[in-house]
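**Q** Quick one, fold the following:
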Amino acid sequence: MRKLFVDTSSHRWSTNVSVGGTFDTEYSYAIGYREAADILVDRAILLKPPTKDRLFYPICFNYRQFIELALKQLIMIAEQFYKKTEYLGYEKGTFHSDELKDTHSIEKLLNWLLDILQCVADEEFDPEIKALIIEFHNMDPTGQKFRYPISTHDIASFPIPSFFDLAKLKTGLKRISDYFSGIDGYLDYYDSLADSMIDESQAYWR
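**A** Numbering: from 1, shown residues only. Okay, here's the model as predicted:
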């Protein structure tokens, strides 16, 4: 019987992919969803309706999934850093890592990230980036609108005709993605400094 998922570890086919273990990074899932959406946008704008129109749903689903997963990953990284600052006696943070699996609200995740970032960041979160993220949340607060045509309350996801620019959507998501990368780099830098301070502190007391 033919299989869908075939182990190709012993082959070097051009159709192979490598996932899991050392092949994955912290952001593999999030980046994968964004890249898939980008590819779909590039393809969709070359097509004609109705195929072009139908691709809108998986494009938006993938972009939304990227935002949600990236926010969750940034929260976890930020909390790891703040636990080190607590050890050093600098900050007392409020942590939400244990709650991440229980929410799909982009707005709630963004607020959690903002809460923890304000403890250390010298600059305010870019208001334009925040507005873009909230706009996506308002379009799909529950994470269901781009997955199903009818909600759990029997309401059509798009009850009236709507028209959107895929190219502008992709551009906006790139801005969000680049900003997230900047936050990640910022946290990584200060996390390394915290590690150095902890090492020096422990060495002093040995």
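
**Q** Which residue would you name as the spatial centre of this protein?
**A** Ala70 (2.1 Å; Cα atoms, centre = their mean).

**Q** any idea of the pLDDT on it?
**A** pLDDT for Ala70: 96.

**Q** before we move on, what about Pro127?
**A** As predicted, Pro127 sits at a pLDDT of 96.

**Q** Same question for the one 10 residues further on.
**A** His137 is assigned a predicted lDDT (pLDDT) of 97.

**Q** neighbours of it, just the number please.
**A** Other residues near His137 come to 20 when the count uses other Cβ atoms under 10 Å. Quick note: C-beta positions are derived from backbone N, CA and C, even for glycine.

**Q** List the buried residues for stretch 101-115?
**A** Residues His104, Ser105, Ile106, Lys108, Leu109, Leu110, Trp112, Leu113 are the ones in stretch 101-115 that count as buried (16 or more other Cβ atoms under 10 Å).

**Q** In helices, which of those appear?
**A** Ile106, Lys108, Leu109, Leu110, Trp112, Leu113 (DSSP state H).

**Q** any chance of those residues in a markdown table, with distance to Leu187 too?
**A** Shown next, in a markdown table, are these (distance: Cβ to Cβ, whole Å):
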| residue | distance to Leu187 |
| --- | --- |
| Ile106 | 20 |
| Lys108 | 20 |
| Leu109 | 16 |
| Leu110 | 16 |
| Trp112 | 14 |
| Leu113 | 11 |
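
**Q** with the buried residues of stretch 101-115 in mind, which one is nearest to Asp53?
**A** Nearest to Asp53 among those is Ile106, at 24.2 Å by Cβ to Cβ.

**Q** Hmm, Leu69 and the closest one touching each other?
**A** No: assessed by Cβ atoms under 8 Å, Ile106 is found out of contact with Leu69, at 10.6 Å.

**Q** all helices for this protein, in order.
**A** Along the chain, the stretches classed as helices by DSSP H are 28-44, 51-54, 56-88, 106-117, 127-139, 166-204.

**Q** Now Ile45: closest residue in space that isn't a chain neighbour?
**A** Counting by Cβ to Cβ, 6 or more residues apart in numbering, Leu166 is the residue found nearest to Ile45 once chain neighbours are left out, at 5.8 Å.

**Q** Next: Ile116.
**A** In space, Ile116 is closest to Ala78, 4.7 Å off (Cβ to Cβ, 6+ apart).

**Q** Thought Asp115 was touching the one you found, still the case?
**A** No: using Cβ under 8 Å as the test, Ala78 is too far from Asp115 to be in contact (9.6 Å).

**Q** ok, how many other residues are close to Phe61?
**A** The tally of other residues near Phe61 (other Cβ under 10 Å) stands at 19.
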